[in-house]
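Peer 1: could you work out the structure for the sequence below:
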Amino acid sequence: MPTITLAQALNEALRHSMRKDPRVIVLGEDVGRLGGVFRITDKLQQEFGEDRVLDTPLAESGIVGASVGLAIYGFKPVAEMQFDGFTYPAFEEIVSHCAKFRSRTRGILPLPIVIRIPYGGGIGAVEHHSESPEAYFAHTAGLKVVSPSNPADAFSLLVESIEDPDPVIFLEPKRRYWIRAEVDLPVANGLPLGRARVAREGTDATIITYGPCVRTAEEAAEEAAADGVSCEVIDLRSLVPLDLETVKASVRKTGRAVVVHEAQVTGGFGAELAARIMEDDFLSLQAPVLRVGGYDIPYPPAKLEDLYLPDLDRVLDAVDAVLNY
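Peer 2: Residues are numbered from 1 along each chain as shown. Next comes the predicted model:
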């Protein structure tokens with residue numbers, strides 16, 4: 001079984017989908033000749049030509065706007081936003097058009113668009129290159145929001161997103177692009193979009209996370225195990241739709257929950273998870289649901305990002321707090 005990176009898995013997912021369906025078109029800034037900043041679209045233009053792998057002007061609103069038109073005319077566009085912070089010029093098209101077309105046309109015109117967004121920190125980048133915009137999109141009815149944490153899920157989730165009839169915001173954890181795993185491609189038996197994964201079994205506390213923080217949570221659980229604490233790690237994989245049943249089953253077992261994400265805590269997706277757990281399973285809890293995330297400041301300069309991002313120690317502190325409540 002070959003060992004591949006998460007980035008290579010995404011590249012193979014695009015190639016697989018484009019070979020399978022001639023309606024799949026890739027577009028974005030430098031996705032063609034260069035192969036993308038992170039080489040996710042590497043060599044696709046050579047194989048499929050400039051009509052299906054399009055280098056666009058530096059205009060995110062134009063990229064998404066063109067994707068809306070392509071989808072209306074029967075294509076399946078996969079649009080790349082070069083970095084997370086560059087998505088905001090396209091916010092109007094995403095929220096007002098991509099998300100609304102199914103309801104606007106009473107189901108006649110769903111838009112099968114995938115918008116790929118490298119997101120999160122940890123790469124020592126400058127301003128607007130390390131943001132976590134998932135809560136904006138999860139709050140927007142009509143969009144699906146997914147984020148893989150490992151190569152196998154990167155492949156299967158991207159293929160499923162391209163095949164989905166509705167617009168999908170596909171968040172790629174850029175600091176995990178180079179993690180490796182043995183993956184037998186194509187992934188034929190991956191979990192479906194909308195299902196969470198139990199990344200590690202445990203009995204004392206549940207750590208709920210997604211995307212770039214799954215590795216952090218697993219490392220924290222490993223460290224806790226050395227002290228005799230058994231943590232279950234839930235990888236959400238999909239924020240919308242959200243697999244609450246897997247989350248609640250774990251919390252009912254452990255009685256304690258910690259939510260971890262890179263985005264700021266205030267108004268972050270962790271607040272939604274905490275509220276759902278409290279509403280649906282309050283009597284299962286032996287401690288309040290705690291959140292670990294970024295601080296309520298603009299993303300800091302690269303030299304300070306290690307102090308900003310959730311790390312093993314901050315996750316373990318939260319686990320200790322729910323255990324000792």
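
Peer 1: how close does Arg276 sit to Gly270?
Peer 2: Note on Arg276: its distance to Gly270, by Cβ to Cβ, to the nearest Å, is 11 Å. Placement of C-beta: from N, CA and C, glycine included.

Peer 1: who's more crowded, those two?
Peer 2: Gly270 (24 against 15; other Cβ atoms under 10 Å).

Peer 1: which residues does the host helix or strand of the more buried one contact?
Peer 2: Assigned by DSSP states H and E, Gly270 falls within helix 269-281. Outside helix 269-281, the residues that touch it by Cβ atoms under 8 Å, 6 or more residues apart in numbering are 134-135, 138, 208, 239, 242, 244, 247-248, 251-252, 257, 259-261, 263, 265, 285, 289, 291-293.

Peer 1: now, of the residues you listed, which are buried?
Peer 2: Neighbour counting over those (16 or more other Cβ atoms under 10 Å) leaves 134-135, 138, 208, 239, 242, 247-248, 251, 257, 259-261, 263, 265, 285, 289, 291-293 as the buried ones.

Peer 1: which of those residues fall within helices?
Peer 2: If you go by DSSP state H, those have 134-135, 138, 247-248, 251 in helices.

Peer 1: any chance of CSV for those residues, columns pLDDT?
Peer 2: Shown next, in CSV, are those (pLDDT from 0 to 100):
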residue, pLDDT
Glu134, 98
Ala135, 97
Ala138, 98
Val247, 97
Lys248, 96
Val251, 97
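
Peer 1: now, which of those sits nearest Asp317?
Peer 2: Distance to Asp317, by Cβ to Cβ, is smallest for Val251 among these, at 19.5 Å.

Peer 1: how about the strands in the stretch 51-200 of the chain?
Peer 2: 53-55, 76-80, 114-119, 144-146, 168-173, 180-182, 197-200 (DSSP state E, counting those that start in this stretch).

Peer 1: cool, the stretch 201-325 of the chain as well?
Peer 2: 205-209, 231-235, 238-240, 257-264, 290-294.

Peer 1: would you mind giving the ones you listed as CSV with distance to Pro22 added?
Peer 2: Below are the strands of the stretch 201-325 of the chain laid out as CSV (distance: least, Cβ to Cβ, whole Å):
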stretch, distance to Pro22
strand 205-209, 37
strand 231-235, 33
strand 238-240, 27
strand 257-264, 37
strand 290-294, 42
